[in-house]
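# need coordinates for the below:
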Amino acid sequence: MTKTLGKDSTCSIARSLEVLGDTWTLLIIREAVVAHSSRFQEFREALGIAPNILAKRLALLVEEGLMERRTYREPGERSRDEYVLTEAGRSLTVVMGALAAWGRRYRPRPDSTSPRFTLEDSGKAVQLAFVTEDGDRVPPGKLTARRTADARLG
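Purely as a prediction, here's the structure:
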């Protein structure tokens, strides 16, 4: 069950943070997007997260429609669940890309790593950008944001 943040739960950012505002949740999404992790043990090993916290976060991601639980069975083993990103979960790739770019620029560290996003079929590197309807790139310093009803954003 998600929590309501602040007094303005109508804001799309607040609604998103109700699900994604926990560090572990974003790191689970990162592992699913970047490392293609889907199994409980893969998440545990990559993150060093306690099993009870991981189980809780995965249940939330399933409940919120960002992942779906699928049963698999390795030969000679019992059935287990894996957690696969849904379309809503895969769409968070842009959020992961934005966080990675911000972290590289404003939180650099020696010997750090960052995901590199590429086209699946060609391997050609891609970048995040704000673009106009005509396809012109707009630097963040030239942007302004105003509260607008979701219905008017089309």
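
# which parts of this structure are helices?
Using DSSP state H, the helices of the chain run over residues 12-20, 23-34, 40-47, 51-63, 87-90, 93-106, 150-153.

# take these and write them to CSV, including distance to P139, mean pLDDT and mean neighbour count.
(C-beta placed from N, C-alpha, C; glycine too.) Formatted as CSV, these follow (distance: least, CB to CB, whole Å; pLDDT from 0 to 100; neighbours: other CB atoms under 10 Å):
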stretch, distance to P139, mean pLDDT, mean neighbour count
helix 12-20, 21, 92, 15
helix 23-34, 25, 97, 18
helix 40-47, 34, 98, 16
helix 51-63, 33, 98, 16
helix 87-90, 27, 98, 14
helix 93-106, 13, 95, 14
helix 150-153, 22, 81, 7
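
# run a quick neighbour tally on M67.
Using other CB atoms under 10 Å, M67 has 24 other residues around it.

# just list whatever residues bridge to it.
Taking DSSP bridges as the rule, M67 bridges to L85.

# quick one: residues contacting it.
M67 sits next to 32, 58, 61, 83-86, 89 when contact means CB atoms under 8 Å, 6 or more residues apart in numbering.

# what do you get if the cut-off is 10 Å, keeping everything else the same?
28-29, 32, 38, 57-61, 82-86, 88-89 (CB atoms under 10 Å, 6 or more residues apart in numbering).

# quick one on the thing from earlier: so for E74, which of the helices of the chain sits nearest?
E74 lies closest to helix 40-47 among these, at 11.4 Å (CB to CB).

# that closest one packs against which elements?
helix 23-34, helix 51-63, strand 79-85 (3 or more CB pairs under 10 Å, 6 or more residues apart in numbering; DSSP states H and E).

# switch the cut-off to 6 Å
helix 23-34 (3 or more CB pairs under 6 Å, 6 or more residues apart in numbering; DSSP states H and E).

# chain center to the helix it packs on: distance?
With CA atoms, centre = their mean, to the nearest Å as the basis, helix 23-34 stands 6 Å off its chain's centre.

# so that helix versus helix 51-63, what angle?
Between helix 23-34 and helix 51-63, the angle comes out at 70 degrees (axes from the mean of the first three to the mean of the last three CA atoms, to 10 degrees).
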